[in-house]
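Chemist: Using only what follows, build the 3D model:
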Amino acid sequence: MAYSVYLDKILLPITPSKLELKINNKNKTTELINIGEVNILKTPGLTDINFKARIPHIKYPFANYENGFKNAKYFLDNIEKLKINNTPFQFIVSRTSSRDTILFHTNLKVSLEEYSVEKDAENNSDLNFSIKLKQFRDYSSKKIVVNNTNKPTGSVANKRPNGTNKPNGKTYTVKKGDSLWAICKTQLGDGSKKTYDKVYQLNKELMDSYNKKYGTSKYTIYPGQVLRLAK
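Modeler: I've put the predicted structure just below:
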């Protein structure tokens, strides 16, 4: 199997003998009562790529060049640009079989995090690069525009409703001549003590405040009171 490695548009003349791709994860474990340790799965992290590459000073028969031979300085200058430009680029690995059948590609947008250079005296002072790349994930911030010219289509009534904290659910406004028994009979179909005592419990705070003020029995009601008949 043969493969080619590109940093941006730069084809490495001698293919690295080994590539290390570390697929990072951001999963987190935690302890839950009565269950124990669980794993909370999250979006995968960024991939790290590490490899070593040999850049020759002279043209070797096994080296591969596009558009003719280029010396080591050409590669050194371009790799330095990738480091200082603060711009992501494509890392591409193209793999083919011995029959020139395309196997699969690695194509990642990356940043050049770190590199180091050594001279190899035993190989015509060729340069040996150690390169660390990190996957780059595109992102953007969302801009929210607030249009102050839009006027609300609704309106707010300034009229105050009758009573304070008017209750939710089924209600009845007491009229002159009403009794708690009669209201339960006509509105709920049952005028028994059990029923009107239940209504009393729903309105205990309201009714007690009136009856305490006027010294009347607890089941006394007054016109204008809004009684809750059901929850």
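Chemist: how about low-confidence regions in the protein?
Modeler: Along the chain, the model assigns pLDDT under 70 to residues 1, 98, 100-104, 142-143, 145-169.
Chemist: now stretch 111-122: how far from the chain's centre is it?
Modeler: Relative to the centre of its chain, stretch 111-122 is centred 38 Å away, using C-alpha atoms, centre = their mean, to the nearest Å.
Chemist: And that stretch, what's buried?
Modeler: Within stretch 111-122, the residues that qualify as buried by neighbour count (16 or more other C-beta atoms under 10 Å) are 111-112, 115. Every C-beta, even on glycine, is put in place using the N, C-alpha and C of the backbone.
Chemist: Out of the residues you listed, which sit inside helices?
Modeler: Using DSSP state H, no member of those sits in helices.
Chemist: Between those residues, which sits nearest H57?
Modeler: When the buried residues of stretch 111-122 are compared for distance to H57 (C-beta to C-beta), Y115 comes out closest, at 18.0 Å.
Chemist: Just give the closest residue to the closest one, not the sequence neighbours.
Modeler: Spatial nearest neighbour of Y115, excluding adjacent residues (C-beta to C-beta, 6 or more residues apart in numbering): I131 at 4.7 Å.
Chemist: ok, now how distant is the residue most central in space within the chain from I131?
Modeler: Computing the C-alpha centroid of the chain and ranking residues by C-alpha atoms, centre = their mean puts T43 first, at 8.8 Å. Spatial separation of T43 from I131 under the definition C-beta to C-beta, to the nearest Å is 26 Å.
Chemist: Mind listing the strands the longest strand along the chain pairs with, and their directions?
Modeler: The strand of greatest length in the chain, counted in residues with DSSP state E as the criterion, is given as strand 102-120. Here the strand partners of strand 102-120, with direction, are listed using DSSP bridges: strand 89-96 (antiparallel), strand 126-135 (antiparallel).
Chemist: sorry, back to before: please name the bridge partners of the residue nearest to Y115.
Modeler: Beta-bridge pairing for I131 (DSSP bridges): F51, Y115.
Chemist: so who does it touch?
Modeler: Taking C-beta atoms under 8 Å, 6 or more residues apart in numbering as the contact definition, I131 lies against 7, 49-53, 79, 112, 114-115.
Chemist: Find the nearest non-adjacent residue to P88, please.
Modeler: Of all residues beyond its chain neighbours, the one nearest P88 is F136 (3.9 Å), with distances taken as C-beta to C-beta, 6+ apart.
Chemist: Strands of this protein, residue ranges please.
Modeler: Taking DSSP E, the strands of the chain run over residues 2-7, 10-11, 19-23, 28-32, 36-40, 47-55, 89-96, 102-120, 126-135, 171-173, 226-228.
Chemist: Which one of those strands lies nearest to E66?
Modeler: In this view, those are compared for proximity to E66 by C-beta to C-beta, and strand 10-11 is the closest at 5.1 Å.
Chemist: what packs against the closest one?
Modeler: Contacts defined by 3 or more C-beta pairs under 8 Å, 6 or more residues apart in numbering; DSSP states H and E place strand 10-11 against helix 72-84.
Chemist: Check which residues of the helix it packs on are buried.
Modeler: Judged by neighbour count (16+ other C-beta under 10 Å), helix 72-84 contains these buried residues: 72, 75, 79, 82.
Chemist: Wait, the second one touches L11, no?
Modeler: Read it as F75. No: here F75 does not reach L11: they are 9.8 Å apart, not a contact under C-beta atoms under 8 Å.
Chemist: Which among the strands of the chain is found nearest to Y200?
Modeler: Nearest to Y200 among the strands of the chain is strand 226-228; the distance by C-beta to C-beta comes to 9.2 Å.
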